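Return atomic coordinates for the entry below.
(chains A and B)
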Amino acid sequence: MTGQTTRPFGEPVLQARGLRKEYGKGEARVAAVDGVDLDVYRGETVAVMGPSGCGKSTLLHLVGGLDRPSGGEIWLTGERIDAMNERKLARLRASRVGFVFQAFHLMEELTARENIEMAALLAGRSPGEARGRATQLLDQVGLVDRATHLPSALSGGQRQRVAIARALANDPDVVLADEPTGNLDSTATVEVLRVFDQLHYAGLTLVVVTHDERIAATSDRMISMRDGAFVDETRLSGGSTGRLSELVGLEG
Amino acid sequence: MQQEVVLAMLAKEPSQGSQLRARFNDALGPLGEAINAGQIYVTLGRLEKAGLVELDRDSDADRPERKVYTLTTAGHERLAEWLDDITWPKPDLAEFHLKLIAAAAAALADPIAIVDAQRRELLRRLRDAQRAAMAEADGSPGALLLEGIVLRLQADLRWLEACERSWTSRKGTP
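Next comes the predicted model:
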């Protein structure tokens, strides 16, 4: 439900300490992520904003175990994951982290329902469980009537909603979204924001890296990133102006 | 309130003030709260004095809420001019721009801190507008207006980002 954002958050789900990612060697070495400390609490929506190339996508890949850091520590629900072996990390990625990408990355030859089921099956759930979970998630993102459609028959907003449902297939500890509205028009963006809002109310922990001020404005906390480091943080929970009507310019 | 806006709402058919208010509410959605009944009656009074609207003959003139107003010929003409008018609300950015320049030049305040404070305020406004937009049905008039407000706030936030970049890079130089 909209507006319901002022509530205490739980324990930290995702933590990073002194996180670094460097590319190149010697003089050509650049730090894409340059000493980041991050704490994301259960039930919180955190938006990371910054210009292209500021390192925000790299940061998301590191904390989601898609990429290995050059230095620092990453903790997921109290378990250190930066030094985990590849097999364990792959299992963790499949079951405890959900990813949402700008370009959706759905499997084009599978239906909406099958895309969601596949994620559950890959994490070791039984076909029956996977099916039940997919039904529930399609309902949650408002796409029950699109269950048997291929991605090519869906609008951009619908595809991204399927991708969000897929990210939730295994009840992950955290969902990481990389520019989830980057390919969407204004109406589709509102669709996605509505789904995120419902999920937020249901207790989802979400980290979004984005250029989109609308996502940042509807998050609990916005972190500004520049040149691989965090430079500013704005807490937005409960920060209503209470003066919506002033925005319309008809008073007086 | 702008007189032409009330004229425009009255153009459909002779109406009472309460009917105008309902039309504003339909058109503005949650932003309709910006319009109060008093403003509508005051504006109707001014329009009547200016000869742009008149009381319907069958109107019960003793009870303001029962008065039925209708456009006069002059009112129709004014409305036609207004529809052709291509003025557009100007974003007043010069004042803020000068504030930053003065703060820096006289070392009164840190321009970047001013930008940060302004950004927080605009983010809160964007949050309100975006949440209101999310609560509206797709395709409703209120949703369309809120989309415009959201887009303008986004543009302002992008300009503030440019301000911050510029003042950050100036910091090092005397």
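
Run a quick neighbour tally on A:Arg17.
When neighbours are counted by other C-beta atoms under 10 Å in any protein chain shown, A:Arg17 registers 16. Every residue, glycine included, has its C-beta placed from N, CA and C.

hang on, it in a strand?
Yes: the assignment for A:Arg17 by DSSP: H, G, I helix; E, B strand; the rest coil puts it in a strand.

Distance check, it against A:Asp67.
17 Å (C-beta to C-beta, to the nearest Å).

B:Pro91 reaches B:Asp156, doesn't it?
Yes: counting by C-beta atoms under 8 Å, B:Pro91 touches B:Asp156, with 7.4 Å between them.

Burial check on A:Leu244, number of neighbours?
Using other C-beta under 10 Å, the number of residues around A:Leu244 comes to 19.

My error: substitute B:Ala117 in the last question.
Count around B:Ala117 with other C-beta under 10 Å applied: 11.

Which parts of the chain are strands?
No chain specified, so I'll use chain A. Using DSSP state E, the strands of chain A run over A:12-23, A:30-41, A:45-49, A:71-76, A:79-80, A:97-101, A:174-178, A:206-210, A:221-226, A:229-235.

was after chain B, sorry
Ranges of strands in chain B, per DSSP E, are B:15-16, B:53-55, B:68-71.

now for the shortest one, which elements pack on it?
Counting contacts by 3 or more C-beta pairs under 8 Å, 6 or more residues apart in numbering or on different chains; DSSP states H and E, strand B:15-16 packs against strand B:68-71.

hmm, who's touching the strand it packs on?
Here strand B:68-71 makes contact (C-beta atoms under 8 Å, 6 or more residues apart in numbering or on different chains) with B:7, B:10-11, B:14-17, B:44, B:47-48, B:52-56, B:58-59, B:79.

For that strand, buried residues please.
B:68-71 (16 or more other C-beta atoms under 10 Å in any protein chain shown).

Output these as JSON lines; include the columns pLDDT.
Listed next are the buried residues of strand B:68-71 as JSON lines, based on pLDDT from 0 to 100:
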{"residue": "B:Val68", "pLDDT": "92"}
{"residue": "B:Tyr69", "pLDDT": "93"}
{"residue": "B:Thr70", "pLDDT": "94"}
{"residue": "B:Leu71", "pLDDT": "95"}
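
Model confidence score at residue 1, please.
No chain in the question, so chain A it is. A:Met1 is assigned 39 on the pLDDT scale.

Switch to chain B, please.
68.

just the one 10 residues further on next, same as before
pLDDT, the model's per-residue confidence, is 93 for B:Ala11.

Need the contact partners of stretch B:155-173.
Contacts to stretch B:155-173, defined as C-beta under 8 Å, 6+ apart, come from residues A:51, A:213, B:91, B:93, B:97, B:100, B:104, B:111-112, B:115-116, B:118-119, B:122-123, B:126.

in it, what counts as buried?
Those would be B:156-157, B:159-161, B:163-164, B:167, for stretch B:155-173 by 16+ other C-beta under 10 Å.

Likewise for stretch A:22-35?
In stretch A:22-35, counting by 16+ other C-beta under 10 Å, buried: A:31-34.

Distance to B:Glu136 for the strands of chain B - can I get that in TSV?
As requested, the strands of chain B are exported to TSV (distance: least, C-beta to C-beta, whole Å):
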stretch	distance to B:Glu136
strand B:15-16	25
strand B:53-55	31
strand B:68-71	30
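
Between these, which one is closest to B:Gln130.
strand B:15-16 (33.3 Å; C-beta to C-beta).

what about that closest one, average pLDDT?
91.

partners of it, with directions?
Strand B:15-16 pairs in its sheet with strand B:68-71 (antiparallel), by DSSP bridges.

can you list the weak-confidence ranges in the stretch 101-250 of chain A?
Within the stretch 101-250 of chain A, the segments meeting pLDDT under 70 span A:237-243, A:245, A:247-250.

hey, where'd the helices end up in it?
For the stretch 101-250 of chain A, applying DSSP state H, counting those that start in this stretch gives helices covering A:112-122, A:127-140, A:156-167, A:186-201, A:213-217.

got it, and chain B?
In chain B, the segments counted as helices under DSSP state H are B:3-10, B:17-28, B:37-49, B:73-84, B:94-105, B:111-135, B:141-171.

quick one: contacts of the first one?
This points to helix B:3-10. Helix B:3-10 is touched from outside by A:250, B:15, B:20, B:23-24, B:27, B:40, B:43-44, B:46-47, B:50, B:52-53, B:69-71, B:75, B:78-79, B:82, with contacts defined as C-beta under 8 Å, 6+ apart.

Buried ones only from those, please, as a PyMOL command.
Here is the PyMOL command that selects the buried residues among those (16+ other C-beta under 10 Å):
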select buried, (chain A and resi 250) or (chain B and resi 15+20+23+24+27+40+43+44+47+52+53+69+70+71+75+78+79)
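
doesn't A:Ala120 make contact with A:Ala169?
Yes: contact criterion C-beta under 8 Å: A:Ala169 and A:Ala120 qualify, at 4.4 Å.

what do these two both touch?
A:130, A:133-134.

which stretches of chain B have low pLDDT?
Scanning chain B for pLDDT under 70 picks out the ranges B:1, B:58-61, B:64, B:172-174.

for chain A, what are the nearby residues on it?
B:1-2, B:5, B:28, B:30-31, B:33-35, B:39, B:89, B:116, B:119-121, B:123-135, B:138, B:145, B:147, B:149-151, B:153-154, B:157-158, B:161 (C-beta under 8 Å from any C-beta of the partner chain).

Drop anything exposed from those residues.
Those of the residues of chain B next to chain A that meet the buried threshold are B:1, B:5, B:28, B:30-31, B:34-35, B:39, B:116, B:119-120, B:123-135, B:145, B:147, B:149-150, B:153-154, B:157, B:161, by 16+ other C-beta under 10 Å.

how long is stretch B:104-114 end to end?
10 Å (C-alpha to C-alpha, to the nearest Å).

Would you mark the buried spots in it?
The neighbour-count check on stretch B:104-114 (16+ other C-beta under 10 Å) flags B:104, B:111-112, B:114 as buried.

so how far is it from its chain's centroid?
31 Å (C-alpha atoms, centre = their mean, to the nearest Å).

Contacts for that stretch next, please.
Counting by C-beta under 8 Å, 6+ apart, B:99-103, B:163-164, B:167-168, B:170-171 sit against stretch B:104-114.

so does stretch A:204-215 get close to chain B?
Yes: counting by C-beta under 8 Å from any C-beta, chain B has neighbours in stretch A:204-215: A:213-214.
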